[in-house]
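J.: Need a 3D model of the following:
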Amino acid sequence: MEVELDYWVTRKRVEIEMARCATSNEARLVHEEMADRYCAKAREAEAASLVGPVVAQLPPYFHVVDDFMHTIIGDPVIEPVRCLRH
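T.: Now for the predicted structure:
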């Protein structure tokens, strides 16, 4: 995940530099938009790098999918309960 984070941060920096060097307003706006998108990707990669170790520590019989908690294959099928967020 660190490699992915570094990639998006580097792309963002390049786009910011290209926006500074742009000769037209249109080009500058395009590069600024791309920098914003790369910034969002960098935030996602950073969040994934923080969540990954936590998920890795979960016991193998727990799987978190879309805020639902499921058990191992072969357990009786029941309706999943949505986790409440306060």
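J.: Packing partners of the helix or strand harbouring L50?
T.: L50 belongs to helix 25-56 when assigned by DSSP states H and E. Judged by 3 or more C-beta pairs under 8 Å, 6 or more residues apart in numbering; DSSP states H and E, helix 25-56 is in contact with helix 2-21. From N, CA and C alone the C-beta is placed, and that goes for glycine too.
J.: Could you name the helices and strands sitting against the helix it packs on?
T.: helix 25-56.
J.: pLDDT below threshold where in this protein?
T.: For the chain, the stretches with pLDDT under 70 are 1, 52-86.
J.: Give me the residues contacting stretch 16-24.
T.: 27-28, 30-32, 35 (C-beta atoms under 8 Å, 6 or more residues apart in numbering).
J.: ok so, going back, what residues of the helix holding L50 count as buried?
T.: Within helix 25-56, the residues scored as buried using 16 or more other C-beta atoms under 10 Å are 31-32, 34-35, 38-39, 41-42, 45-46.
J.: Fine, thanks again, bye for now.
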